[in-house]
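[1] When you get a sec, could you give me coordinates for this:
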Amino acid sequence: MLRFSANLSFLFLDRPFLERFEAAAACGFKGVEFHFPYAFPADEVRDAARRAGVEVVLFNFPPGDWAAGERGIACLPDRVVEFRDGVALAARYAEALDCPRLNCLAGLRGASHSETALLTTLVDNLRHAADALAPAGREVLTEPLNSRDTPGFYLDRTAPALALIAAAARPNLRLQYDIYHAQVMEGDLARTLERHLPQIGHIQLADNPGRHEPGTGEINFSFLFRHLAGLGYTGWIGAEYVPSGASEDSFGWLPGR
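    As a prediction, this is how the structure comes out:
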């Protein structure tokens, strides 16, 4: 049976962050994910998840200055110390939240850095993050983002992300496959999932266009869910979309609803 997690950075935004855990549980979710927990003490986030009876399945490493438009710093040669400090912080939160996987956003290409410098830095930083989390049995993921919504993002397609993972060569480093971003950039969702499922550690979804809930756009999610079940996918699928109305009214796509 497929497992779905609610992304609390997209859903239930009419509530304070720590109240969204119980809102997700009330809608039937057993897992939650979110971008960044760092504005709150780790024990408060842990307690919110425990009260709701949900598992924290994913969050991201610190991204740099998100409000200023940064989308990760892992590829930037002049931000290595900051990135590695962020890995240490994220590892402490992962321990407190018992979270099994963390996502590393590569970041935007810096005009002042060569392609070789960007790639070398990103590979080294992914190795560092994977090595830091390996003793606790945690995975590091990296995720392509479509470059229409996020111009200049270093990773925007599946193949380069997989090549990067192969170059870093760490057993606990895998791909985060976002169906929405992949559809925008390349399509061919079913065959990509089938071909690369062993390298995929987490899946996220939203429909296209609009990044709203399944059923509002062009993607055949009923088929993809059957396809993933047939492939034996056992990981989580994160609902990371902008609801077209109230979050509570956007879950008709969930199997069994």
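[2] for the stretch 151-257 of the chain, what spans make up the helices?
    Remark: helices assigned in the stretch 151-257 of the chain by DSSP state H, counting those that start in this stretch are 158-168, 179-185, 189-196, 221-231.
[3] just those: most buried one?
    Sort the helices of the stretch 151-257 of the chain by mean neighbour count, taking mean count of other C-beta atoms under 10 Å, and helix 179-185 sits at the top with a mean of 22. Yep, even glycine has a C-beta here, placed from its N, CA and C like the rest.
[4] Which of the helices or strands spans the residue lying closest to residue 246 once chain neighbours are set aside?
    Excluding the flanking residues, the one nearest residue 246 by C-beta to C-beta, 6 or more residues apart in numbering is residue 14, at 7.8 Å. Secondary structure assignment for residue 14, by DSSP states H and E: no helix or strand.
[5] Look up how far residue 213 lies from residue 14.
    Taking C-beta to C-beta, to the nearest Å as the measure, residue 14 falls 16 Å from residue 213.
[6] So for those two, which sits in the more crowded spot?
    Neighbours around residue 14 and residue 213, counted as other C-beta atoms under 10 Å, are more numerous at residue 213. The numbers are 26 against 11.
[7] OK, contacts around the more buried one?
    By C-beta atoms under 8 Å, 6 or more residues apart in numbering, residue 213 lies in contact with 206, 207, 239, 241, 243, 244, 250, 251, 252, 253.
[8] per-residue pLDDT, the closest residue to the fourth one other than its chain neighbours?
    Which is residue 241. Closest residue to residue 241 apart from its sequence neighbours, by C-beta to C-beta, 6+ apart: residue 206 at 3.5 Å. We have a pLDDT of 99 for residue 206.
[9] With distance to residue 114 added, can I get the helices of the stretch 151-257 of the chain in TSV?
    Listed next are those as TSV, based on distance: least, C-beta to C-beta, whole Å:
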stretch	distance to residue 114
helix 158-168	16
helix 179-185	24
helix 189-196	29
helix 221-231	38
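[10] Select, out of those, the one closest to residue 151.
    Nearest to residue 151 among the helices of the stretch 151-257 of the chain is helix 179-185; the distance by C-beta to C-beta comes to 12.5 Å.
[11] Return the mean pLDDT over that closest one, rounded to an integer.
    Across helix 179-185, pLDDT averages out at 99.
[12] just how off-centre is it within its chain?
    Computed by C-alpha atoms, centre = their mean, to the nearest Å, the chain-centroid distance of helix 179-185 equals 14 Å.
[13] which helices and strands does it pack with?
    If contacts are counted by 3 or more C-beta pairs under 8 Å, 6 or more residues apart in numbering; DSSP states H and E, helix 179-185 sits against helix 189-196, strand 200-205.
[14] one step back: ok, the residue nearest to residue 241 - how many residues close by?
    Residue 206 has 26 neighbouring residues, counting by other C-beta under 10 Å.
[15] wait, doesn't it sit right on residue 149?
    No: using C-beta atoms under 8 Å, residue 206 is not in contact with residue 149, being 10.9 Å away.
[16] Relative to residue 220, how far out is residue 55?
    28 Å.
[17] Check residue 121 too.
    39 Å.
[18] Quick one: mean pLDDT for stretch 141-150?
    In this model, stretch 141-150 has a mean pLDDT of 98.
[19] Just give me how far that stretch sits from the chain centre.
    For stretch 141-150, the gap between its own C-alpha mean and the chain's C-alpha mean amounts to 10 Å (C-alpha atoms, centre = their mean).
[20] So what touches that stretch?
    Residues outside stretch 141-150 that contact it (C-beta under 8 Å, 6+ apart) are 58, 71, 74, 101-106, 108, 126, 153, 155-158, 160-161, 164-165, 173-178, 180-182, 184-185, 201-202, 204, 211.
[21] Using PDB, list the CA coordinates for it.
    In PDB, the C-alpha atoms belonging to stretch 141-150 read as follows (Å, rounded to 0.1, in the frame of the first residue of the first chain):
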ATOM      1  CA  LEU A 141      18.600  13.000  -0.800                       C
ATOM      2  CA  THR A 142      19.100  15.600  -3.600                       C
ATOM      3  CA  GLU A 143      16.300  16.900  -5.700                       C
ATOM      4  CA  PRO A 144      16.100  18.500  -9.200                       C
ATOM      5  CA  LEU A 145      13.900  21.600  -9.300                       C
ATOM      6  CA  ASN A 146      12.400  22.800 -12.600                       C
ATOM      7  CA  SER A 147      14.300  25.800 -13.900                       C
ATOM      8  CA  ARG A 148      11.100  27.500 -15.100                       C
ATOM      9  CA  ASP A 149       9.900  28.100 -11.600                       C
ATOM     10  CA  THR A 150      13.500  28.400 -10.200                       C
END
